[in-house]
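> Quick one: sequence plus predicted model below, questions after.
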Amino acid sequence: MKKKFICFLVFLVVLLSSSLFAQKENLKTSQIAVKPKLKGYPVSPFKDTLFYVYNKVGSFSAENRAKAITAKIHSLYEDDLFKADSLKIIPSDISQDIVYKGDLVLMSILDADAKSENKTVSDIAKRNFNAIKKAVVYQNENYSLLPKRLGYTALLILILTIVLLLASKVFNFIKSYFSKRREKYFKGFTYNNINVLTPDRQEFVALRIIGIIKIISLFIWLIWLFLYCLIFSPQLRLTLLQY
């Protein structure tokens, strides 16, 4: 009788242990099943999506992070002196960084990024690095901004040349007009029977004033052109900033 009771207790303990183990497994399975899937935000600097960003970094949301990475990649395309060999993967203590010329960090790949895609940090860094490099090189080879910028530079030089020539002709005409009619316009200046300015001196002063007005006018026009480029014309702005 005693042996039967002991066997019954052993059977009861085994049964309860099996039940508790099964409950734990079911709980783990349910936790995995309800784990939310993170939304991926595309990095698309040139229309086609290169990769997705799933995780935020601090207060920087995944969406804003994707936009920042997109803008940085696009800035490489706008760089006329872009060198593909200057793109590097630099590991740090907490991430692997894709860097251009050693100081521009395009993006950092963290452990959270690797877990979101069920890959290693190194694999994601290499994949994104190759995608970025390939996309920028392709854009520069097929849609380079350099010819367009050279065209805008030539246009800017042409406009400046035309304005300078026109301004020079206008002011030379004014000088010639007054010089040919000097007897009419330059009679000298006297005060209390004192000859303050002779006709020749008066003509000299007048022509000098016209020359100063010419310089000031050209200076104001150049300032206006510069402000116009900065405010209204992105391409001319880039040209001025580049050169």
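Received the coordinates, thanks.

> can I have stretch 120-132 written out in CSV, keeping just the CAs?
Extracted C-alpha coordinates of stretch 120-132, given in CSV (Å, rounded to 0.1, in the frame of the first residue of the first chain):
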residue,chain,number,x,y,z
THR,A,120,24.3,40.3,-38.8
VAL,A,121,25.4,43.9,-38.5
SER,A,122,28.3,43.2,-40.9
ASP,A,123,26.0,41.7,-43.6
ILE,A,124,23.7,44.7,-43.5
ALA,A,125,26.6,47.2,-43.6
LYS,A,126,28.1,45.5,-46.6
ARG,A,127,24.7,45.3,-48.4
ASN,A,128,23.9,49.0,-47.8
PHE,A,129,27.4,50.0,-48.7
ASN,A,130,27.3,48.3,-52.0
ALA,A,131,23.8,49.6,-52.8
ILE,A,132,24.9,53.2,-52.0
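
> what's in contact with it?
50-51, 73, 76, 87, 89, 95-96, 98, 106-107, 109-111, 113-114, 117 (C-beta atoms under 8 Å, 6 or more residues apart in numbering). C-betas here are computed from N, CA, C, even on glycine.

> Tell me which of the residues you listed fall in strands.
Phe51, Leu87, Ile89, Gln96, Ile98, Leu106, Met107, Ile109 (DSSP state E).

> most neighbours, which of these?
The most crowded member of the ones in strands among the contacts of stretch 120-132 is Met107, carrying 27 neighbours; neighbours defined as other C-beta atoms under 10 Å.

> Ser95 is in contact with that residue, correct?
No - contact between Met107 and Ser95 fails when scored by C-beta atoms under 8 Å: they sit 9.2 Å apart.

> now Asn193: how far from Val136?
81 Å (C-beta to C-beta, to the nearest Å).

> More neighbours: which of the two?
Legend: neighbour count by other C-beta under 10 Å for Asn193 and Val136, higher for Val136 (22 against 5).

> Can you tell me the closest non-neighbouring residue to the most centrally placed residue in the chain?
Nearest to the geometric centre of the chain sits Ser75, at 4.5 Å (C-alpha atoms, centre = their mean). Excluding the flanking residues, the one nearest Ser75 by C-beta to C-beta, 6 or more residues apart in numbering is Leu104, at 7.9 Å.
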